[in-house]
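Colleague: the following block contains a protein sequence and its predicted model.
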Amino acid sequence: MVLELQKPRPIWQIMFSTHHTDVGLLYLIMSLGFLFLGGALALAIRAELFLPGAQIIGDAMTFNRIFTVHGTTLIFLFIIPFASAVGNYFVPIMVRYKDMAYPKLNAIAFWMIPPAGALIWLGFADFTWYATPPYSIISAPGPAADMWIFGLKILGISSVLGAINFVVTILKCKHPDMSIGQVPLLAWSFLSSSLIILVAIPTFAAALLMLLTDRLGVSGFFNPAMGGDPIAYAHLFWFTFHPEVYVLVIPAIGMMYEIIPRFSRRPIYSYGSGVFAFVLLAIVGFSSWAHHMYATGMSFTEKTVFMVGTLAAVPASAMHVFNFIATMWNGRIRFSTPMMWAVGGIALFFSAGAGGVVNSAMPLDFTTHDTYWVVGHFHLFVMGTIAFGSIGYLYYMFPYVTGRMYNEAMGKIHFILSFVGTVLVFFTQHVLGLYGMPRRIFDYPPIPEWIAMNQIASIGAMIIGVSMAIFLANMIYSSGRGEPANTDDPFGVGGKYYYPFEAKNPSH
Amino acid sequence: MAGHSNWPEWIYIGIVVALMTWVGAEAWEVERLIEHVPADAEIIKVTGQQWFWTFEHEDGTKEIGELHVEAGKAYKFEVTATDVIHSFNIHDYVVLIDAIPGRVNTVWFAPDEPGVHDIQCREYCGLIHYNMRGTLYVEEP
């Protein structure tokens, strides 16, 4: 950005560029924009639930629309584009190629996202990010629902195009002197997550079309009134979106693999086990989708199969945690802002995984399913692990992108407040779930435990909100007025970095 | 690919695998017991619709929003829905099963002592999902 300010180019040169760092910059700015939009919706939800009764949101329909768009925005318009931003900046450099394999395709994949985001936000659908049929078919108000379906359709195509680009760039365009066993773990994470996307997304793409024709009344795939089966949608959806969970988390783990050895000033403990765990997770991620569906009346055998498939993913995740801890062990650790975010992210990743084991065990799932336990559980992944890894990496790449340093003190305050807030919100929500509060409810009866837990969670959310305001101020101020960074070694930890700004092609 | 020996990681992975095996085996055993419906369980037909619960006892009496049962007896719920998916939930007794139009799911419980418990819907079903609640009265036999 500041490189742009120092050597200004007309904005259309960046917007119509196909160069990987330019597309990365577009991804970065857009995804951060949606982070703040989606986060604002989260604050509205938490403010509403601070007390029983209507607080700031007047009616249930608005509330339902808000949590639907909150989830859709942060998953599809923040997490995935942010990972694409990092991948665009770093993957070509890590595999020593001049650009992404298909630069125009890359730009097209980016430019599909803003219209999709506009469809989702202008429609403001209310049927949850799962678009639950038959509600979404017979009851959800249009055109919001149809706009959501088209938006997701476009995002799916964009994901597939991006994934093809990453796979080809890494496998076919890496430098001939470089074996696949020398590709950095961050690039490996993009290879694994892109392969998952290519296998998983088409299923949901089909389900979306079926949902749309069901809504139009010309088919009845998921509509029981026309002989269809809503549980078929659940299978199609979760066959895509359980693996998609790993699409979200794997790049964030890859970012931690870049940060943690750097700031521990030690090589990664085991490169091999990192690669193995990525690939293993990408494979076993496909064997667990129906653990979301224990309560739909599955047979004992089905439940057992998917419980085993789910538990099989735990060792792979545990290998990453071990690898991080073993790398930090005896390291000369420098707790700069990116390292704090990465370490905090690992701690929360471990907590989220431990909570997930409880969900996967069949009898316990009937206590936690569709309660706030689940909300707390997956937010520990998406916020505690993925957003923490991503924000840590944003601080890490900040000097490379802008040529300036962020304010270290503000970065640390941002981390501490966010960490405290995340623990307050999402650990509390686990307990709230054990007290039986269902998710996706606008109002709740005045049960004293529920009120207390909701208030703790809302206060935590406000703390996160404050920390994000500090973050925004830091990013805006530092990208214009920050101290010039020592781009050879901005964090003073030595070693070899990857320099995105050196990849700038002056002809672009 | 790393040049050094990796034995601590293998021990760690062994422990994790053993733990997961134990969790899985325990869950399998408990679930197997839970799914065994007693032969003398009385059947209650439960129907969810936007946004209330209807209960029909074996003797044909119907209740809306309230369910009266006797302590010490086993009950088997046959749960379905008429419009969209709901989820029938008595959290205090860990009774949870989706109410799906076109399907009948079963779940059972045996309340042990008299009391009053909440019934709620735990699957998003639209506008008044938050207030699709009922009350379970467990009475003296």
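Modeller: Received the coordinates, thanks. Residues are numbered from 1 along each chain as shown, chains lettered A, B, ... in the order given.
Colleague: from here on, contacts and neighbour counts on C-alpha atoms
Modeller: Will do.
Colleague: show me where pLDDT drops low in the chain?
Modeller: Went with chain A since none was named. Scanning chain A for pLDDT under 70 picks out the ranges A:1-8, A:498-508.
Colleague: wrong chain, I was asking about chain B
Modeller: B:1-5.
Colleague: now do the strands in it.
Modeller: B:42-49, B:52-56, B:62-64, B:66-70, B:75-81, B:86-90, B:95-99, B:105-109, B:115-121, B:133-139 (DSSP state E).
Colleague: parallel or antiparallel, list what pairs with the third one.
Modeller: When you say that, I think you mean strand B:62-64. Strand B:62-64 sits in its sheet next to strand B:52-56 (antiparallel), going by DSSP bridges.
Colleague: leaving out sequence neighbours, find the closest residue to the residue most central in space within chain A.
Modeller: In chain A, the residue lying closest to the centroid (CA atoms, centre = their mean) is A:I79, at 3.3 Å. Sequence neighbours aside, A:L248 is the residue nearest to A:I79 in space, at 6.7 Å (criterion: CA to CA, 6 or more residues apart in numbering or on different chains).
Colleague: helices or strands up against the helix or strand encompassing the one you found?
Modeller: For A:L248, the enclosing helix or strand under DSSP states H and E is helix A:230-264. With contacts taken as 3 or more CA pairs under 8 Å, 6 or more residues apart in numbering or on different chains; DSSP states H and E, helix A:230-264 sits against helix A:80-94, helix A:185-216, helix A:271-284, helix A:313-328, helix A:337-360, helix A:388-402.
Colleague: got the angle for the third one vs helix A:185-216?
Modeller: Orientation note: helix A:271-284 sits at an angle of 10 degrees relative to helix A:185-216 (axes from the mean of the first three to the mean of the last three CA atoms, to 10 degrees).
Colleague: tell me the centre residue of chain B?
Modeller: For chain B, B:L96 is the residue whose C-alpha lies nearest the centre (CA atoms, centre = their mean; 1.9 Å).
Colleague: check contacts around that residue.
Modeller: When contacts are counted by CA atoms under 8 Å, 6 or more residues apart in numbering or on different chains, B:L96 touches A:295, A:366-367, B:87-90, B:107.
Colleague: would JSON lines of the helices and strands packed on helix A:230-264 with mean neighbour count be doable?
Modeller: As requested, these are exported to JSON lines (neighbours: other CA atoms under 10 Å in any protein chain shown):
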{"stretch": "helix A:80-94", "mean neighbour count": "26"}
{"stretch": "helix A:185-216", "mean neighbour count": "21"}
{"stretch": "helix A:271-284", "mean neighbour count": "21"}
{"stretch": "helix A:313-328", "mean neighbour count": "21"}
{"stretch": "helix A:337-360", "mean neighbour count": "22"}
{"stretch": "helix A:388-402", "mean neighbour count": "24"}
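Colleague: picking that back up, now, which of the contacts of B:L96 sits nearest A:I57?
Modeller: B:S87 (25.3 Å; CA to CA).
Colleague: so what's that closest one closest to, chain neighbours aside?
Modeller: In space, and not counting its chain neighbours, B:S87 is closest to B:D98: 4.0 Å by CA to CA, 6+ apart.
Colleague: what does the stretch 151-300 of chain A put close to chain B?
Modeller: A:181, A:224-225, A:229, A:269-272, A:295-297, A:300 (CA under 8 Å from any CA of the partner chain).
Colleague: what's the neighbour count on whichever residue of chain A sits closest to chain B?
Modeller: Per CA to the nearest CA, A:I441 is where chain A lies closest to chain B, at 4.5 Å. As a burial measure, A:I441 scores 24 neighbours (other CA atoms under 10 Å in any protein chain shown).
Colleague: and for A:R9?
Modeller: 12.
Colleague: now the one 4 residues further on
Modeller: Counted with other CA under 10 Å, the neighbours of A:Q13 add up to 11.
Colleague: quick one: the residue in chain B positioned nearest to chain A from A:L432, how far?
Modeller: Closest to chain A within chain B is B:Y130: 4.5 Å, counting by CA to the nearest CA. B:Y130 sits 16 Å away from A:L432, going by CA to CA, to the nearest Å.
Colleague: in the stretch 401-508 of chain A, which spans are helices?
Modeller: Ranges of helices in the stretch 401-508 of chain A, per DSSP state H, counting those that start in this stretch, are A:408-422, A:428-434, A:448-481.
Colleague: try the stretch 1-150 of chain A
Modeller: In the stretch 1-150 of chain A, the segments counted as helices under DSSP H, counting those that start in this stretch are A:2-6, A:11-15, A:20-48, A:60-72, A:80-94, A:103-111, A:113-123, A:144-172.
Colleague: list the contacts for the nearest residue to B:I90 once chain neighbours are set aside?
Modeller: Of all residues not flanking B:I90 in the chain, B:I119 sits nearest, at 4.8 Å (CA to CA, 6+ apart). Contact partners of B:I119, counting by CA under 8 Å, 6+ apart, are B:88-91, B:133-136.
Colleague: quick revisit: the residue nearest to B:S87 reaches B:T106, doesn't it?
Modeller: No - B:D98 is beyond contact range of B:T106, at 9.2 Å (criterion: CA atoms under 8 Å).
Colleague: so for those two, which residues contact both of them?
Modeller: Common contacts of B:D98 and B:T106, defined by CA under 8 Å, 6+ apart, comprise A:297, B:79.
Colleague: okay, the two: which has more neighbours?
Modeller: The neighbour count for B:D98 versus B:T106, taken as other CA under 10 Å, is higher for B:D98 (27 against 21).
Colleague: which ones are touching that one?
Modeller: B:D98 makes contacts with A:295-297, B:79-80, B:85-88, B:105, B:123, as judged by CA under 8 Å, 6+ apart.
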